[in-house]
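J.: Here you go, sequence then predicted model.
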Amino acid sequence: MNTAPEVPFSERVLDAAEQVLRRHGAEKTNVVDIARVLGMSHGNIYRHFPSKKALLDAVAARWLHRVTAPLQVIADDHTRPAPERLVAWLNTLRVVKRHKVLDDPELFRIYHRLTMAAGALASEHVDDLLGQVERIVADGMAAGDFSERLNAGAAARACLLTMSAFHHPALLSQGTPPEEADARAVLALLLAGLRAGPDALPVH
């Protein structure tokens, strides 16, 4: 008889913390309420998370990991050419971010506040995203799909900045989100620029 693997204790704590966060928000969430959901003493939680902040930081880190994990799979898929991977990566990012921001705005604001309160977590998340795109661009340069005159790091940053209207939370939460046709047009221009290289830009 097959049995499902036991969920690690730390994951059960984070699941319970998310339940409490949904009900009470970050400010009113406390370790005692989280322990009550699990049917245990709050002392058990403190053995794994030394403070409420450490626990909420872990919740935020897991939330961000849910964004980066599917993107990492695309970045590491060397069976696909770099241009195809880049388009898939950027499309996945914008779809994931759009759902997170627009499907449950109040919950997104809770997680966003947790991420901002976690210090370097937000910048580490951005660095992770940039690193994934940089590797895709570098692969494209090596394969001849993108111009060899590119700087892979600068090109990765330009890709994220160019697509920011489609994935940046602050922009998505204001007004009407961009249309699918707009995303396709911007992606086509991005690929054309990566193929042409920096020498294609006019110099004044």
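T.: Received it, and whenever you're ready, just let me know what you need. Numbers count the residues shown, from 1 in each chain.
J.: list the helices and strands the lowest-mean-pLDDT helix or strand in the chain packs on?
T.: Here the helix or strand of the chain ranked lowest by mean pLDDT, DSSP states H and E is helix 169-172, holding a mean of 80. Identification of packing neighbours for helix 169-172 by 3 or more C-beta pairs under 8 Å, 6 or more residues apart in numbering; DSSP states H and E yields helix 82-102, helix 164-167. In this view, the C-beta of every residue, glycine as well, is placed from N, C-alpha and C.
J.: Leaving out chain neighbours, which residue sits closest to the residue nearest the centre of the chain?
T.: Centroid-nearest residue in the chain: residue 67, 3.4 Å away (criterion: C-alpha atoms, centre = their mean). Nearest residue to residue 67 in three dimensions, chain neighbours excluded: residue 96, at 5.6 Å (C-beta to C-beta, 6 or more residues apart in numbering).
J.: Run a quick neighbour tally on the one you found.
T.: For residue 96, the neighbour count with other C-beta atoms under 10 Å is 16.
J.: same for the one helix or strand residue 45 maps to, what does it pack against?
T.: Using DSSP states H and E, residue 45 sits in helix 42-46. Contacts defined by 3+ C-beta pairs under 8 Å, 6+ apart place helix 42-46 against helix 31-38.
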